[in-house]
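>>> Need a 3D model of the following:
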Amino acid sequence: MAKMTKKQKAAAELDSEKFYSIDDAITTLRAHKVKFDETVEIAMNLGVDPRHADQMVRGMVSLPSGTGKAVKVAVFARGDNADKATAAGADKVGAEDLMEEMQNGDLDYDRVIATPDMMGVVGRLGKVLGPKGLMPNPKLGTVTPNVEQAVKDAKGGQVEFRVEKMGIIHSGIGKLSFSDADLKANFEAITNAIVKAKPSGAKGKYVKKISVTSTMGPGLKIDTADIEGA
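Numbering: from 1, shown residues only. Model (predicted):
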């Protein structure tokens, strides 16, 4: 018989049918923590079919306690806007030169931001950035004349959420080293944002299931009754 992983052992010790409050879930994940600082993640199963445009769920939310990880940001801008993006902490700022680097495979970024006048250049990267979910988008605030603020938001804990094919949204909500209050605040921020982003085409129950887990910990089902508007 194959040896169980730590995550499988942790799951086997728990009642798989139990529903937790977010407070109890955080306590349980801490009881199974390992030596490194694990990421805490949320998975939300939604009653949507993202193949239909009117059932797509996507947006940005600022996690009040931050993400606990460094975010690499690339910005397409020229002149004064380029200087502002650099001053705000962007990891890479450029124009055609940055486009060429990305076309050659340099895509090690978590967020790509562009000023509106740069979209002629950025548009050539659709096939490269699109599949990675990095294409700048005005609806998400990543195409903006205010690149300075966009960079600060990205570095300060703003995350994008996007529903996957099976109607699930996955997102990190912090690290196990965060305080209980900080993890709970991030959990509430993202669940509230996803509930508010309910699309017009969603029918029936919108939030079907929520679970939280840590990198090596068990997956714990959260009582959706605690989620306002779910």
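>>> who's in contact with residue 156?
Neighbouring residues of residue 156 by CB atoms under 8 Å, 6 or more residues apart in numbering: 62, 66. All C-beta spots, glycine's among them, are computed from the backbone N, C-alpha and C.
>>> i'd like the first residue to be 98 from this point on
Understood, numbering begins at 98; the last thing we discussed is residue 253.
>>> Please report the distance of it from residue 292.
According to CB to CB, to the nearest Å, residue 253 stands 23 Å off from residue 292.
>>> Residue 167 now?
29 Å.
>>> Who has more neighbours out of those two?
residue 292 (16 against 9; other CB atoms under 10 Å).
>>> Residue 113 versus that one, what's the distance?
For residue 292, the distance to residue 113 - CB to CB - is 26 Å.
>>> As a check, name the ranges of all helices in this protein.
Using DSSP state H, the helices assigned to the chain run over residues 103-109, 119-128, 176-184, 193-200, 216-219, 223-226, 244-252, 277-293.
>>> ok, and which of these has the densest surroundings?
The highest mean neighbour count among the helices of the chain, using mean count of other CB atoms under 10 Å, belongs to helix 244-252: a mean of 22.
>>> Give the other helices and strands that that one contacts.
strand 170-173, helix 176-184, strand 208-211 (3 or more CB pairs under 8 Å, 6 or more residues apart in numbering; DSSP states H and E).
>>> what does it rub up against?
Looking at what lies outside helix 244-252 - CB under 8 Å, 6+ apart - the contacts are 157, 159, 168, 170, 172, 174, 178, 181-182, 184-187, 207-208, 210-212, 238-239, 241.
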